[in-house]
Structure formats: structure tokens, C-alpha cells
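Engineer: got a sequence here, can you model it:
(one chain, ligands or ions: 2)
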Amino acid sequence: MNKDSIHNVHIVDEKVLITPAELKQKLPLPQHLRQRIEQHRQDISSIIHKKDSRLLVVIGPCSIHDIEAALDYAKRLKALSDELQDQLYIVMRVYFEKPRTTVGWKGLINDPKIDGSFDVENGLHIARKLLLALVDMGLPLATEALDPITPQYLADLFSWSAIGARTTESQTHRELASGLSMAVGFKNGTDGSLATAINAMKAASMQHSFIGINQKGQVNLLHTEGNPDGHVILRGGKTPNYQTEFVQQCEQALEKAGLETAIMIDCSHANSNKDYRLQPSVAENALQQLVNGSRSIIGLMLESNINAGNQSAEQPVNEMKYGVSITDACIDWETTDELLRKIADGLKNRVK
Ligand SMILES: O=C[C@H](O)[C@H](O)COP(=O)(O)O
Ligand SMILES: C=C(OP(=O)(O)O)C(=O)O
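Structural biologist: Ligands and ions are numbered 1, 2, ... in the order given. Take a look at the predicted model:
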């Protein structure tokens with residue numbers, strides 16, 4: 001690395017990583033799974049555009065840190081999803097990248113060993129291997145698109161993405177969303193700003209030209225055509241915004257902007273005041289809105305894990321409790337199972 005008084009002043013080290021093409025050669029997507037992902041993406045697009053009346057449910061751990069627990073969770077979710085498929089279209093949260101308010105563990109790709117060793121190359125391998133196993137189980141997968149480069153390594157395996165509350169206003173993320181090959185939900189800003197999400201959805205639906213990388217890892221100029229499958233995710237701000245008045249406000253703002261009136265309610269984050277025990281009551285409120293005839297709510301997001309709550313990421317991995325989040329607190333599997341059954345059941349009474 002060239003380091004002198006004007007170059008790389010604050011860079012300590014650099015390392016060349018495997019290219020996206022090389023990683024995909026090692027861990028390829030088999031043809032039959034490719035068709036499955038195409039189908040999942042189409043199904044989600046149909047829900048967003050109201051051609052499929054099922055409720056999209058993006059659910060799973062706040063972040064993935066333990067592969068065995070992720071597979072265990074996925075097995076349970078897949079069985080439940082098969083049972084409830086007439087009412088719910090369940091997509092598993094497989095979040096590998098965490099945006100932090102200040103600092104903290106940034107996710108499995110950045111630091112797979114959770115010990116500050118930052119073995120990103122290994123993180124990319126572990127992530128891709130897990131995604132392949134999960135797609136093979138038959139689950140559609142969701143993530144937050146945070147780093148603008150990692151989608152080249154992994155995006156072929158996802159069927160839905162979010163742009164998070166901390167990045168919805170960022171041009172880089174709007175450009176990225178305009179080129180992603182799947183539906184993208186835009187969270188409102190952390191301050192509750194709805195305009196941030198609506199502007200993002202509008203911007204991402206349009207063409208962009210920006211710098212990125214290609215499969216060979218070369219720096220490229222990318223031209224995108226815009227993403228037609230955007231939607232807003234209400235996640236609360238200073239106060240929650242899942243209630244009818246906010247949903248209707250959002251619906252009107254989307255209509256005014258000439259955008260699809262597609263809204264997902266995030267039952268976690270500021271909508272639950274970051275108290276995981278409140279997630280079910282937010283989901284039940286959204287269910288009531290649906291039963292009363294809301295057509296703009298197309299989905300729910302829930303943070304769920306095998307066991308409830310969360311634990312510190314700053315402890316030895318072998319002392320961590322199994323199936324407990326090391327980022328945001330989650331509802332446990334029993335609560336998840338009961339809640340999803342209740343929602344599916346409640347949707348049978350929906351005014352058609
Ligand atoms: O969903 C996860 C968190 O809310 C987000 O990554 C911010 O986390 P932090 O406030 O603990 O940094
Ligand atoms: C970070 C997340 O949410 P938000 O961007 O709403 O804080 C998340 O869903 O993991």
C-alpha cells in the first residue's frame with residue numbers, strides 16, 4: 001500500500017478480496033434454485049402490485065451470527081410457512097450487514113468470528129453457503145442492502161431487500177436500489193420522516209448512472225433502468241407510525257407522488273419502542289386494519305428468533321446463549337408461531 005503524507009493517511013492496511021465471479025464459481029447457484037428465486041421475486045412483485053392478496057411477512061432474526069441456529073430457525077419457519085401459505089407469503093430475514101447508530105458489531109460478513117478479526121473473505125463464503133442452503137430449503141430470503149459492493153457477491157440469492165432507516169436518504173443507496181433485481185422496501189427515516197422513504201422510492205424507480213463493480217471486481221460505470229417494485233416500510237421514528245392515521249397519510253402521499261400505494265408495517269424498531277414484547281400488538285393492530293379493509297398494507301416485518309430477547313455481542317462466542325440475538329431483541333419461536341397463526345386466521349375475515 002502506498003502510504004505517505006497525502007495518500008492513505010488514515011488507512012492502516014488493505015487486502016485484495018476474492019471477486020464476485022470467483023466466489024460464485026466456488027459456490028454456484030444450481031439451475032433449479034435459480035428458477036425458484038425467479039418465482040419468489042415474481043410472487044413478491046405480485047403482492048406489491050396487488051395481484052396476489054396474500055400478506056407478505058418478512059420475519060427472522062435481527063442479524064445472523066450462528067449458522068446452526070439460522071438453519072434451525074429456517075426449518076421451523078419453512079414448516080409454518082407451508083401451513084399458512086394460503087394467507088401469508090413468508091420471507092426469512094437473513095441480515096448479514098448491520099447499520100450502527102454509532103459503533104458495534106457490523107454483521108457476519110464484516111466480522112464472522114465476532115472477535116474483531118474482520119475476516120471479510122470468510123464472511124462472504126459463510127454467507128453465500130448459508131444462503132444456498134436456505135434457498136434449497138425453499139424459503140424466499142430478505143436482507144438489508146447496506147454495503148454497495150456485497151450485492152455483487154450475494155444478491156442473486158435474495159428475493160427481497162430493504163434500504164434501512166439510516167440510509168434511505170443516501171443517494172448511493174437509492175442508486176443501488178434502482179439496479180437491484182428484486183423488490184426493495186424503503187424505511188422511513190430514524191426521525192420518522194415519511195418524505196425520506198417516498199423520495200427514495202421515487203428516485204429508485206428511475207434511471208441512474210453510477211460507479212460500481214462488476215463480477216470480475218473491476219470498477220464499472222453502471223446504468224440502471226429503475227426498480228418498479230419499491231414500497232415504503234413504516235418503522236416509527238420519535239414515536240410509532242403503524243396506526244391507521246399514519247398508514248392513511250402514507251397512502252395519500254404515495255398516491256400524490258404517483259407511486260404504488262404499497263406499505264409494509266415494521267412491527268419492531270421504533271414501532272415497538274424497541275421493546276420486542278410489543279411486536280405482537282403492533283402486528284395485531286395492522287391485522288385489524290387489514291380486516292377493516294386496508295388495501296395499502298401489503299406486508300409486515302417482525303424480528304424473531306428461536307429464543308427471546310437479546311444478549312451482548314461483546315462476550316466470548318462460546319458463552320453466547322443459543323438462538324438469542326446479538327443485535328436487536330426478538331420475539332421467541334413460540335410467540336412467532338402463535339402470532340403468525342393468529343394473523344393467518346384473522347385474514348380469513350378480511351373484507352374482500
Ligand atoms: O436493527 C438493528 C438496529 O436497530 C440497528 O442496526 C441499529 O443498532 P444500534 O442502534 O444498536 O447501533
Ligand atoms: C436496521 C434495521 O432497521 P432500521 O433501518 O429500521 O433501523 C433492521 O431492520 O434490521
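
Engineer: rest of the way, CA atoms for contacts and neighbours
Structural biologist: Fine.

Engineer: how about the secondary structure of Met301?
Structural biologist: The three-state assignment at Met301 reads strand, by DSSP: H, G, I helix; E, B strand; the rest coil.

Engineer: neighbours of it, just the number please.
Structural biologist: Residues lying near Met301 (other C-alpha atoms under 10 Å) number 24.

Engineer: mind checking how far Pro112 is from Leu56?
Structural biologist: Pro112 sits 30 Å away from Leu56, taking C-alpha to C-alpha, to the nearest Å as the criterion.

Engineer: these two: who's more crowded?
Structural biologist: The residue with more neighbours, out of Pro112 and Leu56, is Pro112; 25 against 22, by other C-alpha under 10 Å.

Engineer: am I right that that one sits in a helix?
Structural biologist: No. Assigned with three-state DSSP, Pro112 falls outside any helix and is coil.

Engineer: got a list of what the nearest residue to it once chain neighbours are set aside touches?
Structural biologist: Closest residue to Pro112 apart from its sequence neighbours, by C-alpha to C-alpha, 6 or more residues apart in numbering: Gly123 at 5.2 Å. By C-alpha atoms under 8 Å, 6 or more residues apart in numbering, the contact list for Gly123 reads Leu108, Ile109, Asn110, Asp111, Pro112.

Engineer: helices of the stretch 1-150 of the chain, start to end?
Structural biologist: With DSSP state H, counting those that start in this stretch as the definition, the stretch 1-150 of the chain shows helices at residue ranges 20-26, 31-48, 67-83, 120-137.

Engineer: for Asn285, find the nearest of those helices.
Structural biologist: helix 31-48 (20.2 Å; C-alpha to C-alpha).

Engineer: what residues of the closest one count as buried?
Structural biologist: Leu33, Arg36, Ile37, Glu38, His40, Arg41, Gln42, Asp43, Ile44, Ser45, Ile47, Ile48 (16 or more other C-alpha atoms under 10 Å).

Engineer: what's that helix packed up against?
Structural biologist: If you count contacts as 3 or more C-alpha pairs under 8 Å, 6 or more residues apart in numbering; DSSP states H and E, helix 31-48 packs onto strand 55-60, helix 120-137, strand 183-187.

Engineer: okay, angle between the helix or strand that the last one is followed by and strand 183-187 too, please.
Structural biologist: I take that to be strand 183-187. The helix or strand immediately downstream of strand 183-187 is helix 194-204, counting by DSSP states H and E. Interaxial angle, helix 194-204 versus strand 183-187 (axes from the mean of the first three to the mean of the last three C-alpha atoms, to 10 degrees): 150 degrees.

Engineer: briefly note if stretch 78-92 comes near ligand 2.
Structural biologist: No. Judged by C-alpha under 6 Å from any ligand atom, stretch 78-92 makes no contact with ligand 2; its nearest approach is 12.2 Å.

Engineer: for that stretch, give the mean pLDDT please.
Structural biologist: The average pLDDT within stretch 78-92 is 98.

Engineer: report how far apart the opening and closing residues of it are.
Structural biologist: 9 Å.

Engineer: what does it contact?
Structural biologist: Against stretch 78-92 from outside (C-alpha under 8 Å, 6+ apart): 53-60, 74, 77, 137-142, 337, 341, 344, 347-348.

Engineer: repeat that for stretch 233-243.
Structural biologist: 185-194, 197, 247, 263-273, 282, 285-286.

Engineer: what about that stretch, average pLDDT?
Structural biologist: 98.

Engineer: flag every residue of the stretch 201-350 of the chain that's near ligand 1.
Structural biologist: So the stretch 201-350 of the chain meets ligand 1 at Asp328 (C-alpha under 6 Å from any ligand atom).

Engineer: which bits of the stretch 201-350 of the chain sit near ligand 2?
Structural biologist: Arg235, His269.

Engineer: quick one, strands of the stretch 201-350 of the chain?
Structural biologist: Along the stretch 201-350 of the chain, the segments classed as strands by DSSP state E, counting those that start in this stretch run 208-213, 219-224, 230-234, 263-266, 297-303.

Engineer: deepest of the ones you listed, which one?
Structural biologist: Stretch with highest mean neighbour count among these: strand 230-234 (a mean of 31; mean count of other C-alpha atoms under 10 Å).

Engineer: rewinding a little: buried members of the contacts of stretch 233-243 into PyMOL, please.
Structural biologist: Selecting the buried subset of those in PyMOL, with 16+ other C-alpha under 10 Å as the burial test, is done by:
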select buried, resi 185+186+187+188+189+190+192+193+194+197+247+263+264+265+266+267+268+269+270+271+272+273+282+286
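
Engineer: per-residue confidence at Lys352?
Structural biologist: 64.

Engineer: equivalent analysis for Lys216, please.
Structural biologist: 98.

Engineer: what's the neighbour count on the closest residue to ligand 1 within the stretch 201-350 of the chain?
Structural biologist: The stretch 201-350 of the chain approaches ligand 1 most closely through Asp328 (5.3 Å), counting by C-alpha to the nearest ligand atom. The local packing of Asp328 (other C-alpha under 10 Å) involves 20 other residues.
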